[in-house]
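S.K.: Quick one, what's the 3D model for this:
(one chain, ligands or ions: 1)
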Amino acid sequence: MSWLGHRRIDLIECGSTNDEAAKLARDGAAHGTVVIAERQTAGRGRDGRAWQSPPGGLYLSAILRPALPLVDVPPLTLAIGVGACDAAREHGAAAQLKWPNDIYVAGKKLAGVLVEAQSQGHRLESVIVGIGVNLATTPDLDTATSLGNVDRAAFTTCLLAHVEHWIDRYVATGIAAIVPAWQARMMANLVLRAGELVGSLVGLDVDGALLIRDGYGTIHRIRSGDVSVVH
Ligand code: BTN
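M.R.: Alright, predicted model coming up:
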């Protein structure tokens, strides 16, 4: 029984599918509703960055209404990254994960995930899961890559199925199933920068926090913020 994308809204153009989905969610749109645009004029990435969204890419946002407390939303983003990674692999890409949920192929970014929660006080109203995938086009040849000549509709169906699977696993079993799956797909042997800290990637802690070992051997837990690859 599949629920993700049971209702789908296809747009030629919008500012950001995350904003369209957030509006629909505020108006009561159901769990599993998906908005897809052929191009975005104000695509957003994490940490206030722009997400270049020319025609030829996949720009998708899903409305989730999971029965989760607000604190359990950040680990959900790891599960979504695992699903997106698996969809890219099923389409022939040697995809790997960079924390928290970027998809890379051979050191270049293929896809990104932007998760935004809407709440009333402490009550979670909805989660908007935005996924951008470079399909036929690559916005920046130096830092990004694309999936190449894939069937957009088939890839979308595959992506929704994998993401749905990993959301279901997270909601049913919690973070325990997600951490090993994420680590099995992560880019290993990286030196990372998180704010002032530069150190080597260890993996994930049991709650999904990123673990980085500094030059003195101390392991630091990173729970949020921007993490970049030094090499
Ligand atoms: C990132 O890597 O920084 C996240 C990028 C997320 C981009 C997607 S495209 C669909 C959805 N709409 C947006 O404006 N952003 C997300």
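S.K.: Contacts only, for the closest residue to the ligand within the chain.
M.R.: Closest contact between the chain and the ligand, by Cβ to the nearest ligand atom, is at Gly112 (2.0 Å). Bear in mind the C-beta positions are built from the backbone N, C-alpha and C, glycine included. With contact set as Cβ atoms under 8 Å, 6 or more residues apart in numbering, Gly112 has these partners: 45-46, 51, 101-103, 131-132.
S.K.: try Gln120
M.R.: Per Cβ under 8 Å, 6+ apart, neighbours of Gln120: none.
S.K.: got it, and Ala88?
M.R.: Residues counted as contacts of Ala88 (Cβ under 8 Å, 6+ apart) are 95, 103, 105, 110-111, 133, 147.
S.K.: how about the helices in the protein?
M.R.: Using DSSP state H, the helices of the chain run over 17-26, 73-90, 152-173, 178-185.
S.K.: Which of these sits closest to Leu124?
M.R.: Closest approach to Leu124 among the helices of the chain (Cβ to Cβ): helix 73-90, 6.8 Å.
S.K.: Report the separation between Lys98 and Lys109.
M.R.: From Lys98 over to Lys109 the distance is 8 Å, taken as Cβ to Cβ, to the nearest Å.
S.K.: Any chance of the contacts of Gly112 in a markdown table with neighbour count as columns?
M.R.: Output for the contacts of Gly112, formatted as a markdown table (neighbours: other Cβ atoms under 10 Å):
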| residue | neighbour count |
| --- | --- |
| Gly45 | 16 |
| Arg46 | 18 |
| Trp51 | 19 |
| Asn101 | 25 |
| Asp102 | 21 |
| Ile103 | 29 |
| Ile131 | 29 |
| Gly132 | 27 |
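S.K.: Trp182 touches Asp102, doesn't it?
M.R.: No: between Trp182 and Asp102 there is no contact under Cβ atoms under 8 Å: 11.9 Å.
S.K.: which residues do these two both contact?
M.R.: In contact with both Trp182 and Asp102: Gly81, using Cβ under 8 Å, 6+ apart.
S.K.: Quick check: which of the helices of the chain is nearest to Arg7?
M.R.: helix 17-26 (9.4 Å).
S.K.: What lies in contact with the closest one?
M.R.: 9, 11, 14, 29, 33-37, 40, 42, 44, 59-63, 65, 114, 116, 118, 125-126, 128, 130.
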